[in-house]
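Undergrad: Build me a model from this:
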Amino acid sequence: ALLLLGNHISLTGWGGVLLLCLGILTLTLEHVHKGARAADILICLRTSLVIAGYTLADGYGARASGNGVSYTCWIFFLNIFPIHAYVLWRHGGTYISYLRKRAATGLFGGLCGLGSYGIALWAMTLAPIALVAALRETSVIFGMLLAVIFLHERLSRSRIMAILIVMGGAMLIRLG
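TA: Residues are numbered from 1 along each chain as shown. Below you'll find the model as predicted:
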């Protein structure tokens, strides 16, 4: 965002972004100790680049459109057709049967996705894209906490440390 769009953030904001990144990286400590392969790390880095690319494109698109809500709705609407056409082409009648059984759940999940991404894009029209993107990544912590509560995963020291670091980063971003 800084290089491509000229978005500038304060030194405190940079500190918050770096703390958020450190907190999320702290979550990987358990996996590194278990022997993560270089190929796994490269896949994660490539995924990160894709996420950074579409975040910048959507943040810029929402700003340029003049209406973040409208932009988000159009993006979701236009994505529906190619995705469903591809799955229908690949799976035919089994997809239709699957869709009928899960239409309500799918619609609910889609509306939740539309709402959460819409809020993020709306925020990107009001604040620097880099700060909003960094704050969005706190969802990793919420996902981990939900896994602890509902899936009974272990809340380790490194996970507690990650939560505290991410919280500190979020506070710095708010101050910046």
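Undergrad: Let's verify residue 154: helix, strand, or coil?
TA: Following DSSP: H, G, I helix; E, B strand; the rest coil, we place residue 154 in the coil state.
Undergrad: and it, backbone torsions?
TA: In terms of degrees, to the nearest 10, the main-chain angles of residue 154 are phi -80, psi 140.
Undergrad: Could you report the neighbour count for residue 99?
TA: When neighbours are defined as other Cβ atoms under 10 Å, residue 99 has 14 of them. Heads up, the C-betas are built off the backbone N, CA and C, glycines and all.
Undergrad: Tell me which residues touch residue 65, please.
TA: Neighbour list for residue 65: residue 71 [criterion: Cβ atoms under 8 Å, 6 or more residues apart in numbering].
Undergrad: and it, what pLDDT?
TA: According to the prediction, residue 65 has pLDDT 90.
Undergrad: okay, now residue 70: neighbour count?
TA: The number of residues packed around residue 70, counting by other Cβ under 10 Å, is 12.
Undergrad: Check which residues of the host helix or strand of it are buried.
TA: Here residue 70 is covered by helix 68-91, with elements defined by DSSP states H and E. For helix 68-91, the neighbour count (16 or more other Cβ atoms under 10 Å) marks 68, 71, 72, 75 as buried.
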